[in-house]
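[1] what's the 3D shape of this:
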Amino acid sequence: MKIIKKNFKQALLAITLLIFSFYYTNKSIEIIQNIDPIMKQIKATNNKYEILPKNAKIIGNKIIPGQNGKAIDYKKSYTKMKQYGSYNEILTTFKETYPVISVNDYYDKYIVSGNKESKSVALLFKLTKDFFNFDILSVLENKNVKATFFIDGVLLEKNLALVLKYTNYELELLAYNKLYNPTYFESAKNYLESITKKEVKYCYADYDNKEIIELCSSLKMHTIIPTIKIEKSLYSEIKEKLTNSAIISFPVNPNSSELALVIDYIKTRGYSLVTLDELLSESLEK
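    All right, here's what the predicted structure looks like:
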């Protein structure tokens, strides 16, 4: 028994020494790198390129996405330049930095718009088992714009051929027969993901709805309340309410000719039309 204990202590000591050896070796390498003229030049240019991340804004039970930042990746930049043999600014490598408060950490709050600094908007349409309009697709295709469709689970399950006509666009789940039964909703979510091969990320709510946000939060899905919810006149309401990073929700069966006018107007105001996921992304690379 004494021999076993002695061997164990010796092995433990050896492992401890090995760990400290690695630690001090790495620290020594880091010290040497930091005094290298190449590394000094790399760090000296950080202020030239650095973009600080911006926190998401929380206002009560609502949230607006922030934005990632950018900084020089010292280690990768140093490795490249060391292999090159000297400092070369062209070889500078960057990495994204992240805000302390990110929309990705909050599923229990409603997203009401994208980052206000972005000159983009997202168009949202609802597809139910009673209403769907192929003219919308024609308008979007003719205008060459992106859009997001929220589809009811019953329509999804009973009319796959119809749903497949929309798969070139972002597809999210609306409800299940206008209800939010957890079992049916999750089943429809999984089915939609199997069709699109993409993660279903968003839920739709016209207003503060405890049932929707609790269900979607439990599934790690964000719940959207539109910035602009058009009720009747598409064109006049857009002219009055259009703003940076607006999430624009249309009636279930919008007038296609008026929709075309709305898209033209949004473009003339200098806005890009993107998917909901692009609008709400905090990444710098959109």
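
[2] ok, residue 270 touching residue 118?
    No - Residue 270 is beyond contact range of residue 118, at 11.8 Å (criterion: CB atoms under 8 Å). Placement of C-beta: from N, CA and C, glycine included.

[3] Settle it for me: which of the two has more neighbours?
    Taking neighbours as other CB atoms under 10 Å, residue 270 and residue 118 compare with residue 118 leading, 20 against 7.

[4] check contacts around that one.
    Neighbour list for residue 118: 244-245, 279 [criterion: CB atoms under 8 Å, 6 or more residues apart in numbering].

[5] Could you pull up the mean pLDDT of stretch 202-212?
    Across stretch 202-212, the average pLDDT comes to 95.

[6] how about that stretch: buried residues?
    Within stretch 202-212, the residues that count as buried by 16 or more other CB atoms under 10 Å are 202-205, 209, 212.

[7] what does the model give the nearest residue to residue 233 once chain neighbours are set aside for pLDDT?
    Counting by CB to CB, 6 or more residues apart in numbering, residue 258 is the residue found nearest to residue 233 once chain neighbours are left out, at 7.9 Å. Residue 258 carries a pLDDT score of 89 in this model.

[8] Residue 258 and residue 228, how far apart?
    Separation of residue 258 from residue 228 (CB to CB, to the nearest Å) stands at 15 Å.

[9] repeat for residue 150
    15 Å.

[10] Between those two, which is the more surrounded one?
    Set side by side, residue 150 and residue 228 show more neighbours around residue 150, with 21 against 18, by other CB under 10 Å.

[11] what comes into contact with the helix or strand hosting that one?
    Residue 150 belongs to strand 148-151 when elements are defined using DSSP states H and E. Surrounding strand 148-151, the residues in contact under the criterion CB under 8 Å, 6+ apart are 122-127, 163, 166, 169-174, 192, 202, 204, 275-277.

[12] cool, stretch 247-263 as well?
    111-114, 121-126, 128, 130-131, 133, 135-136, 138-139, 142-143, 145, 204, 206, 224-235, 238, 273, 276, 279.
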